[in-house]
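In: Next input, structure requested:
(chains A and B)
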There are 2 protein chains.
Amino acid sequence: MSTGASDALTSVNADLVRMTRLVGSAMNRATQALLDADLSLAEGVIASDAQVDTLSSTIEDSCFDFVRLRQPSPSELRGVIGAVRIAASLERMGDLAEHIAKQARMRYPREVVPQELRATFAMMGAVAEEIVSKTGAVIATRDVSLAADIARHDSEMDRMHRELFTIVLSPGWVHGVEAAIDITLLSRYYERYADHAVSVTRRVVTIVTGEPYTGVTLDG
Amino acid sequence: MSTGASDALTSVNADLVRMTRLVGSAMNRATQALLDADLSLAEGVIASDAQVDTLSSTIEDSCFDFVRLRQPSPSELRGVIGAVRIAASLERMGDLAEHIAKQARMRYPREVVPQELRATFAMMGAVAEEIVSKTGAVIATRDVSLAADIARHDSEMDRMHRELFTIVLSPGWVHGVEAAIDITLLSRYYERYADHAVSVTRRVVTIVTGEPYTGVTLDG
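Out: Predicted coordinates:
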């Protein structure tokens, strides 16, 4: 591998890490906007998603140029194809943060999350933050030992997602159908966000180990 | 472009078209399983999703080999990177059909869709069929004039999605919170399916026209 080749892929990797930061920040701000019914914060998340899309497109262009200008080694090529798929997943994570912000905006000035569920959503936000920050670390360091941690966070997110289902369906639910649907959709956005992070991590494992991709089943 | 190169990309394209057929068939069967509360049909959809994932992985391998063994032209390379992203979208469409089948299985032997909404879900299934079949045609023929048709089907799907929201939130809704959530999630799966088809079509347009990718915003 020439130094030039190595530099080009390092820069793609740095852009992927930047994407994890952007979608992590978007998710944090979206959670805050949701919990505080903060319209301008929500608007900010929605406006900033374009940055994520642009960066994804930049990454694809870099991958394109890299392959076009060089004869990449098999391992570099695995990295390039992986980067295209990882950028797609991160782009989707940005969209999910945007959906949460849009939900906050749609119900403004009302609060979407009833008092008794605020702690759960705050925790989902915290788990999302943890998971995306570790996903960034996996991309940056290729240290796939973090994969187990990320899977654990994902299970925690799934558990909260199921718990919220149970709550909105319980006889004690007093907030009506609209709130139940809002909570279900929001909860699903957090759960999908974590799923995409897991999928990104599996991709990095594929790139690092060179094992063939086995078709991670994702949730929509 | 050597004939060998052209053949290899033709075969990738044929595999993408095969994927549209598989995820089209999965969606049809899922809709039928949902409307008929047909457990074995639902199980069949769930079992067959592995085929979609395998084909996606085969397409990536072919793209990998293609680039590794040849010095692709810029236009071929656009096709390769596009194929990787298209396979990802089609894989997700298969997952969405699987989710619908899982919802039918989870509620079996009860019917998920109340009588008065059966026609809407049958129509969503029909629109999904139309849209995926045209998406397959766009991939097969590179005839991007179908893109406008596909966008129209997508708008029709969005309209039904919004209509279902209005119905489950209306004072006349007598089926309770669980059914409202089921309908909302199912409706969202159809709407996402159509969104992914639109995204695939835009990708093909990108490949054909060579215009830079402008970041199609997708819904999660």
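In: mind listing what's buried in stretch A:72-82?
Out: A:72, A:76-82 (16 or more other C-beta atoms under 10 Å in any protein chain shown). In this view, the C-beta of every residue, glycine as well, is placed from N, C-alpha and C.
In: Poorly predicted segments of chain A, please.
Out: A:1-5, A:212-220 (pLDDT under 70).
In: tell me the contacts of the residue most central in space within chain A?
Out: Closest to where the C-alpha atoms of chain A average out (C-alpha atoms, centre = their mean) is A:Met93, at 3.4 Å. Contacts for A:Met93 (C-beta atoms under 8 Å, 6 or more residues apart in numbering or on different chains) come out as A:23, A:27, A:132, A:193, A:196-197.
In: Please, which helix or strand holds it?
Out: Under the criterion of DSSP states H and E, A:Met93 resides in helix A:74-107.
In: Helix B:74-107 and that helix, what's the angle between them?
Out: 50 degrees (axes from the mean of the first three to the mean of the last three C-alpha atoms, to 10 degrees).
In: quick one: buried residues of helix A:74-107?
Out: For helix A:74-107, by 16+ other C-beta under 10 Å, it's A:76-105, A:107.
In: helices or strands up against the helix or strand hosting A:Ser133?
Out: Taking DSSP H and E as the criterion, A:Ser133 maps to helix A:118-141. Contact here means 3 or more C-beta pairs under 8 Å, 6 or more residues apart in numbering or on different chains; DSSP states H and E; on that basis helix A:118-141 packs against helix A:3-36, helix A:147-169, helix A:176-209.
In: could you dump those helices to JSON lines with mean neighbour count and distance to A:Gln51?
Out: As requested, the helices and strands packed on helix A:118-141 are arranged in JSON lines below (neighbours: other C-beta atoms under 10 Å in any protein chain shown; distance: least, C-beta to C-beta, whole Å):
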{"stretch": "helix A:3-36", "mean neighbour count": "19", "distance to A:Gln51": "6"}
{"stretch": "helix A:147-169", "mean neighbour count": "16", "distance to A:Gln51": "24"}
{"stretch": "helix A:176-209", "mean neighbour count": "22", "distance to A:Gln51": "17"}
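In: So which of those helices is nearest B:Met160?
Out: For those, proximity to B:Met160 was assessed by C-beta to C-beta; helix A:176-209 is nearest, at 16.3 Å.
In: Show me what the closest one is packed up against.
Out: Partner elements for helix A:176-209 (3+ C-beta pairs under 8 Å, 6+ apart): helix A:74-107, helix A:118-141, helix A:147-169, helix B:147-169, helix B:176-209.
In: let's go with 6 Å and repeat that
Out: Helix A:176-209 makes packing contacts with helix A:74-107, helix A:118-141, helix A:147-169, helix B:176-209 when contacts are defined by 3 or more C-beta pairs under 6 Å, 6 or more residues apart in numbering or on different chains; DSSP states H and E.
In: As CSV, these with distance to B:Asp143 would be great.
Out: Below are those laid out as CSV (distance: least, C-beta to C-beta, whole Å):
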stretch, distance to B:Asp143
helix A:74-107, 25
helix A:118-141, 38
helix A:147-169, 41
helix B:176-209, 9
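In: Compare those helices and give me the one nearest B:Ser62.
Out: Using C-beta to C-beta as the criterion, the shortest distance between B:Ser62 and these is 11.1 Å, found for helix A:74-107.
In: ok so, going back, could the buried residues of stretch A:72-82 be laid out in CSV, adding distance to chain B?
Out: Output for the buried residues of stretch A:72-82, formatted as CSV (distance: C-beta to the nearest C-beta, whole Å):
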residue, distance to chain B
A:Pro72, 7
A:Glu76, 10
A:Leu77, 6
A:Arg78, 7
A:Gly79, 11
A:Val80, 8
A:Ile81, 6
A:Gly82, 10
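In: Spatially, which two of the residues you listed are the most separated?
Out: Farthest pair in the buried residues of stretch A:72-82, by C-beta to C-beta: A:Pro72 and A:Gly82, 12.3 Å.
In: Tell me which residues touch A:Met160, please.
Out: A:120, A:124 (C-beta atoms under 6 Å, 6 or more residues apart in numbering or on different chains).
In: Please disregard the earlier target; I meant A:Arg105.
Out: Neighbours of A:Arg105 in contact, by C-beta under 6 Å, 6+ apart: A:Ala42.
In: any idea how far it lies from chain B?
Out: Taking C-beta to the nearest C-beta, to the nearest Å as the criterion, A:Arg105 is separated from chain B by 16 Å.
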